[in-house]
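K.L.:
Make a model of this:
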Amino acid sequence: MLSNKTALITGSTSGIGLAIATALARKGANIILNGLGDKALIDKIILDLRTLSLGQVHYNPADMADPKQIHDMMSEAEKKFGGIDILVNNVGIQFVSPLEDFPDDKWDTIIALNLSAAFHTTKAVFSFMKQRKWGRIINIASAHGLVASPLKAAYVASKHGLVGLTKVAALEGGGFGVTCNAICPGYVWTPLVENQIESTAKARGLSKEQVINDVLLAEHATKTFVTVEQIEALVLFLCSPETANITGAALSIDGGWTAH
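P.N.:
As a prediction, the model looks like this:
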């Protein structure tokens, strides 16, 4: 149980992030949600999570591309809960384009959200975790943090960088009971991937079915998408006492993609 812990999950109003927040709520953790969505959607998510957990549920709408808003969110969390015990850096976006046509603003936004946001949140929680002699930082990276694909310059660069940041945090936190690991999923059926299917189909001149079978799942030995339930189970495992010596790892959950 995580009833004495507070977890902040970025990008947690849908998809992988919401699944992780739900799993942690079931274990009794206080939950800090962050992400996009209209008020009615956010209110429903908060209500649903409160029915699952004895812990508190809080929402902060910080734009994770804005360091000041991140800082304000982390300060608010510290005042409300005393500090963050479990940090899940999940927020991320994708954009597909040939390198020579890749828009500068898309590069900047993707690096800010997928990589720089994790730096700012990790920096903010690190001292508290070290003082408490316990902390879990879990970065939702990607198989693209280990291998590359065409048309995804910013995404691949950001996820490789996130794996590198993970290793540094693991080395600096290891003597203080703070672990940091990266989960590297293959293709997970989420709104992000659904949008990517359409943009990839347009960029490559393929049907959606061809993108799914011949592009997305081509390297999955299992020929199936990763599920959010599989990722949330791995997050819970990494928060358990048994994983105190698992740190600095890039943990693949990719249907065998990076075994090639």
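K.L.:
shaky segments in this structure?
P.N.:
By pLDDT under 70, the weakly predicted segments of the chain are 192.
K.L.:
Which strand runs longest in it?
P.N.:
strand 178-185 (DSSP state E).
K.L.:
Quick check: can you name the pairing partners of it and their directions?
P.N.:
strand 135-140 (parallel), strand 250-253 (parallel) (DSSP bridges).
K.L.:
Outline the domain layout of the protein.
P.N.:
For the chain, automatic domain parsing gives the domain ranges 6-186+227-251, 187-225.
K.L.:
buried sites along the shortest one?
P.N.:
Going back to what we said before, that points to domain 187-225. Residues of domain 187-225 classed as buried by neighbour count (16 or more other CB atoms under 10 Å): 187-188, 190, 192-193, 196-197, 200-201, 206, 211-212, 215-217, 219-220, 225. (C-beta placed from N, C-alpha, C; glycine too.)
K.L.:
How far away from the center of its chain is that domain?
P.N.:
Distance of domain 187-225 from its chain centroid, counting by CA atoms, centre = their mean, to the nearest Å, is 20 Å.
K.L.:
circling back: comparing the domains of the chain, which comes out most buried?
P.N.:
Highest mean neighbour count of the domains of the chain: domain 6-186+227-251, a mean of 19 (counted as mean count of other CB atoms under 10 Å).
K.L.:
before we move on, the earlier item: as CSV, the strands paired with strand 178-185 with distance to residue 81 would be great.
P.N.:
As requested, these are exported to CSV (distance: least, CB to CB, whole Å):
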stretch, distance to residue 81
strand 135-140, 14
strand 250-253, 27
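K.L.:
Which of the ones you listed sits closest to residue 114?
P.N.:
strand 135-140 (9.6 Å; CB to CB).
K.L.:
Tell me the first helix or strand C-terminal of the closest one.
P.N.:
The helix or strand immediately downstream of strand 135-140 is helix 153-173, counting by DSSP states H and E.
K.L.:
what angle sits between that following helix and strand 135-140?
P.N.:
Interaxial angle, helix 153-173 versus strand 135-140 (axes from the mean of the first three to the mean of the last three CA atoms, to 10 degrees): 160 degrees.
K.L.:
Alpha carbons only: can I get the longest strand of the chain in PDB?
P.N.:
Output of strand 178-185 as PDB, limited to C-alpha atoms (Å, rounded to 0.1, in the frame of the first residue of the first chain):
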ATOM      1  CA  VAL A 178      15.900   7.400  -4.400                       C
ATOM      2  CA  THR A 179      15.500   5.300  -7.600                       C
ATOM      3  CA  CYS A 180      14.900   6.600 -11.100                       C
ATOM      4  CA  ASN A 181      13.900   4.400 -14.000                       C
ATOM      5  CA  ALA A 182      12.600   4.800 -17.500                       C
ATOM      6  CA  ILE A 183       9.800   2.700 -18.900                       C
ATOM      7  CA  CYS A 184      10.200   2.300 -22.600                       C
ATOM      8  CA  PRO A 185       7.000   1.100 -24.200                       C
END
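K.L.:
following that strand, which helix or strand comes up?
P.N.:
As assigned by DSSP H and E, the chain's next helix or strand after strand 178-185 is helix 191-204.
K.L.:
Please enumerate residues in contact with that next one?
P.N.:
With contact meaning CB atoms under 8 Å, 6 or more residues apart in numbering, helix 191-204 is reached by 14-15, 92-98, 151, 187, 206-208, 210-212, 215-216, 225.
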